[in-house]
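**Q** Pasted the sequence and its predicted model underneath.
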Amino acid sequence: MIMKFQRGDRVRISEGNHWAKAALGTVVEPPEFVRRQSEDDYPYDGWRRVVQGVNRAIEFYFVTFDEPQIDADGDGPYSGGEIEADMIEPL
């Protein structure tokens with residue numbers, strides 16, 4: 001799987017995403033606590049990780065937001081988060 005985004009890329013989260021809709025941000029390496037939580041199952045490779053879904057591999061990138069975001073459950077605000085590659089648009 002080819003990396004779609006590089007560290008430092010400026011991006012916009014798609015309106016179709018379940019949270020952080022239309023948020024602007026930057027692709028970055030995740031904080032250490034996020035990296036530690038994912039290292040057993042699907043570890044990060046820099047700023048990206050690939051998770052095996054039911055029908056396909058799903059590529060995620062860690063994005064730090066320009067403005068903190070509330071998630072779909074109303075939790076937050078979050079300064080960054082893992083976003084599916086298909087929901088990220090380059091700026």
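**A** Structure's in. What do you need? Nothing here was measured: the structure is a model prediction, and the numbers come from that model.

**Q** Find the nearest non-adjacent residue to Y78, please.
**A** Q69 (5.4 Å; Cβ to Cβ, 6 or more residues apart in numbering). Every C-beta, even on glycine, is put in place using the N, C-alpha and C of the backbone.

**Q** residues in contact with the one you found?
**A** By Cβ atoms under 8 Å, 6 or more residues apart in numbering, Q69 lies in contact with 19-20, 23, 76-78, 81.

**Q** for these, which one is nearest I2?
**A** G81 (22.6 Å; Cβ to Cβ).

**Q** quick one: buried residues of the strand ranked longest in the chain?
**A** The single longest strand within the chain, with elements called by DSSP state E, is strand 57-69. Going by neighbour count (16 or more other Cβ atoms under 10 Å), the buried part of strand 57-69 is 58-65, 69.

**Q** and what of stretch 40-60?
**A** 44, 47-50, 58-60.

**Q** Next, the contact list for P90, please.
**A** 5, 9-12.

**Q** Quickly run through the sheet partners of the longest strand of the chain, with directions.
**A** With DSSP bridges as the test, strand 57-69 is paired with strand 24-27 (antiparallel), strand 48-52 (antiparallel), strand 78-84 (antiparallel).

**Q** Where in this structure is the helix or strand with the lowest mean pLDDT?
**A** helix 32-38 (a mean of 90; mean pLDDT, DSSP states H and E).
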